[in-house]
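[1] okay, here's the prediction I keep looking at, along with the sequence it came from:
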Amino acid sequence: SQWGEENLQALSIQEGEDVTMNCSYKTYTTVVHWYRQDSGRGPALIILIRSNEREKRSGRLRATLDTSSQSSSLSITAAQCEDTAVYFCATDNRVVGQLTFGRGTRLQVYA
Amino acid sequence: EAAVTQSPRNKVTVTGGNVTLSCRQTNSHNYMYWYRQDTGHGLRLIHYSYGAGNLQIGDVPDGYKATRTTQEDFFLLLELASPSQTSLYFCASSGTTYAEQFFGPGTRLTVL
């Protein structure tokens, strides 16, 4: 799980496996962003889930949000080598328009 | 699609040096942000802006100034650079609150 003082997590899986990354946050948020960062590039949004949604899907990606436990998850079904990246969650939980990012999960998918 | 560009892409300076990082976005977004990214820390917000002439302090503002001269342009200034400011800097923009942020390609700064 990524947040607070936790170090960057690393996961290594084989192509075709499913993987879930977790994110917990400390205060109320109206939205959870999930970003993907490829090596040498800036982060890019892959899923945005709002507090009135429990689940959101985009292709092989599935995000969940549990506001009661202040946690979100990102799952990738049948991971491919091209899913190799660092994945960040971010929440709007303090100042309007300001995101707080988690420390990220480094996912390595090998053939 | 929003476009955010940063310059320079790489910069090396010495301790005490003066550095300006530039960011331009071409999608007419109101919000612009400066982050630094260090291994193990994720992205940390330095400064952000709601519009031209506006400046807000982020989570790690010490040692940094910023200026938003137009809706398109946002600058990060390091007036007395220190080795602790060696990092990868990202600029981002967004159209509204809680909306997707579009990131630039980053500037790698090394302070010797």
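    Perfect, thanks for sending it. Numbers count the residues shown, from 1 in each chain, chains lettered A, B, ... in the order given.

[2] and the closest residue to chain B within chain A, what does it touch?
    Using CB to the nearest CB, the closest approach of chain A to chain B is made by A:Gly42 at 3.1 Å. (C-beta placed from N, C-alpha, C; glycine too.) Residues in contact with A:Gly42 (CB atoms under 8 Å, 6 or more residues apart in numbering or on different chains) are B:Val4, B:Phe90, B:Ala92, B:Phe103, B:Gly104, B:Pro105, B:Gly106.

[3] which single one of these is nearest to chain A?
    Nearest to chain A among the contacts of A:Gly42, with distances taken as CB to the nearest CB, is B:Phe103, at 3.1 Å.

[4] just the element for the most centrally placed residue in chain B, please.
    The centre of chain B sits closest to B:Trp34, judged by CA atoms, centre = their mean, with a distance of 2.8 Å. In this structure, B:Trp34 sits in strand B:31-38 according to DSSP states H and E.

[5] quick check: can you name the pairing partners of the helix or strand bottoming out on mean pLDDT in chain A and their directions?
    Least confident helix or strand, chain A: strand A:100-101 with a mean of 88, by mean pLDDT, DSSP states H and E. The strands beside strand A:100-101 in its sheet (DSSP bridges) come out as strand A:85-91 (antiparallel).

[6] tell me the mean pLDDT for the partner strand?
    Mean per-residue pLDDT for strand A:85-91: 93.

[7] what's the angle from that strand to strand B:31-38?
    Here the directions of strand A:85-91 and strand B:31-38 differ by 130 degrees (axes from the mean of the first three to the mean of the last three CA atoms, to 10 degrees).

[8] and the strand holding B:Trp34, which residues are buried?
    Buried positions in strand B:31-38, judged by neighbour count with 16 or more other CB atoms under 10 Å in any protein chain shown: B:Tyr31, B:Met32, B:Tyr33, B:Trp34, B:Tyr35, B:Arg36, B:Gln37.

[9] could you dump those to TSV with pLDDT and distance to chain A?
    Shown next, in TSV, are those (pLDDT from 0 to 100; distance: CB to the nearest CB, whole Å):
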residue	pLDDT	distance to chain A
B:Tyr31	94	5
B:Met32	96	10
B:Tyr33	96	8
B:Trp34	97	12
B:Tyr35	97	8
B:Arg36	97	11
B:Gln37	96	9
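
[10] could you find which two of these are furthest from each other?
    The span of the buried residues of strand B:31-38, defined through CB to CB, is set by B:Tyr31 and B:Gln37 at 18.7 Å.

[11] for PyMOL, what selects the buried ones among the contacts of A:Gly42?
    Filtering those down to the buried ones (16+ other CB under 10 Å) takes a single PyMOL command:
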select buried, chain B and resi 4+90+92+103+104+106
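
[12] B:Ala99 sits in which helix or strand?
    Here B:Ala99 is assigned to no helix or strand, by DSSP H and E.
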